[in-house]
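Undergrad: Give me the fold of what follows.
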Amino acid sequence: ASIRQNIQSRNHNSSIINMTTAYERPDEKPGCCNKGCGLICGFILPPLGIFWRFGCGSEFLVSIILTLCGYVPGVIHAIIMIGCD
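TA: Okay, here's the model as predicted:
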């Protein structure tokens, strides 16, 4: 009986480990909805789209600077950064 319980607990633990590591893979791309919302936000307000996709980092600062230089450079940068993965 203890061998059966040991095997069952190992199977249960391995399935938990597999479920948690499936979401932590850096090579997986985000969903279509996330990319689409980022593109829409990037067209309306370029820094918002960059923030939506990448968070607050160097891409966000570059987007703010380009948007302050003009709306069109900011939009071009946002569309290229969000659209090209």
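
Undergrad: number of nearby residues for the nearest residue to residue 83 once chain neighbours are set aside?
TA: Nearest residue to residue 83, sequence neighbours excluded (CB to CB, 6 or more residues apart in numbering): residue 39, at 6.5 Å. (Each C-beta comes from the backbone N, C-alpha and C, glycine too.) When neighbours are counted by other CB atoms under 10 Å, residue 39 registers 17.

Undergrad: again, but for residue 32
TA: Residues near residue 32, counting by other CB under 10 Å: 8.

Undergrad: Any stretches of this protein with poor pLDDT?
TA: The model of the chain has pLDDT under 70 over residues 1-31, 85.

Undergrad: In it, what residue spans correspond to helices?
TA: 2-21, 32-44, 46-54, 58-69, 71-83 (DSSP state H).

Undergrad: out of those helices, deepest packed?
TA: helix 46-54 (a mean of 22; mean count of other CB atoms under 10 Å).

Undergrad: just the CA coordinates of that one, formatted as CSV?
TA: Taking C-alpha atoms only, helix 46-54 is exported to CSV below (Å, rounded to 0.1, in the frame of the first residue of the first chain):
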residue,chain,number,x,y,z
PRO,A,46,2.2,55.0,-28.6
PRO,A,47,3.8,55.0,-25.1
LEU,A,48,0.7,53.2,-23.7
GLY,A,49,1.1,50.4,-26.3
ILE,A,50,4.7,50.0,-25.5
PHE,A,51,4.0,50.0,-21.8
TRP,A,52,1.2,47.4,-22.4
ARG,A,53,3.6,45.1,-24.2
PHE,A,54,7.0,45.6,-22.5
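
Undergrad: begin at 423 from here
TA: OK, 423 is where the count begins now, so the last one is helix 468-476.

Undergrad: how near is residue 459 to residue 490?
TA: 24 Å (CB to CB, to the nearest Å).

Undergrad: Could you measure from the closest residue to residue 498 other than its chain neighbours over to residue 504?
TA: In space, residue 498 comes closest to residue 488 once its chain neighbours are excluded; the distance is 8.0 Å by CB to CB, 6+ apart. From residue 488 across to residue 504, the span is 14 Å (CB to CB).
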